[in-house]
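> sharing a model that was predicted from the sequence below.
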Amino acid sequence: MKLANMKDSSAIALNETKIRAKKLLKACQQDEPSAKQRVATLIAKLGILHSDLQLKHCQQVIARELGFIDFYHCQRVLSGQAILGDDWGNLFHTKQCETLLNHWFTGYLAARDFNTQAESTLLLPYKKQFFVVERQDYCNALNLSIISQQVDNASEPTILRDLVSSYANADWSAFALAMIQHKLPKV
């Protein structure tokens, strides 16, 4: 089934974070060393024992690993409630893309104008800024398939080029889900 046709597609990426948090909690309860290591910093900061670990703590860890301030921030962005000027987190930026030629912008309009100059680019949000990358290089570096978006009243999809203008639709959610799966370790 194509993601663009799924009902309530805006919840796909957010649901994945909730599932991953539940799996992390279960792994910690089963004393898996890699899971316990992932939560160790938060546990030390809160001054709690591993036996006191709750789902909300694991949600916090997942949100931080994805580049959000906390789980509320993660929920706001992934559920489609963020607006221009908000902090969008750094879900779409990783160390692997630091070696790419990225063009950075403080404003969306300048980023959008730059992005329209070449068919091969992709505009992405980063906190309160925006960056434009060569789409193929970015997807190759992160081992992602290029996501297509449907054109209104047309059967042929076009390549997703702007994740800000596509925010909160099925294609944005599919791309966010791919980044979540890329960034989070398997539990």
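Yep, that arrived.
> thought residue 57 was touching residue 44?
No: between residue 57 and residue 44 there is no contact under Cβ atoms under 8 Å: 11.8 Å. The C-beta positions use only the backbone N, C-alpha and C, and glycine is treated the same way.
> for those two, indicate the residue with more neighbours.
Taking neighbours as other Cβ atoms under 10 Å, residue 57 and residue 44 compare with residue 57 leading, 20 against 9.
> got a list of what the more buried one touches?
25, 39, 42-43, 46, 48 (Cβ atoms under 8 Å, 6 or more residues apart in numbering).
> I'd assumed it was in a helix, is it?
Yes: checked against DSSP: H, G, I helix; E, B strand; the rest coil, residue 57 lies within a helix.
> how near is it to residue 67?
According to Cβ to Cβ, to the nearest Å, residue 57 and residue 67 sit 18 Å apart.
> for residue 25, same thing?
Distance, residue 25 to residue 67, using Cβ to Cβ: 21 Å.
> just the helices in this protein please.
12-29, 33-46, 55-66, 71-78, 108-115, 135-141, 170-183 (DSSP state H).
> now the angle from the third one to helix 12-29?
Between helix 55-66 and helix 12-29, the angle formed by their directions is 120 degrees, by axes from the mean of the first three to the mean of the last three Cα atoms, to 10 degrees.
> helix 55-66 - what's its average pLDDT?
Averaging pLDDT along helix 55-66 yields 98.
> would you mark the buried spots in that helix?
Across helix 55-66, burial judged by 16 or more other Cβ atoms under 10 Å covers 57-66.
> and the longest one, by the same measure?
For helix 12-29, a neighbour-count test (16+ other Cβ under 10 Å) marks 12-14, 16-18, 20-21, 23-25, 27-28 as buried.
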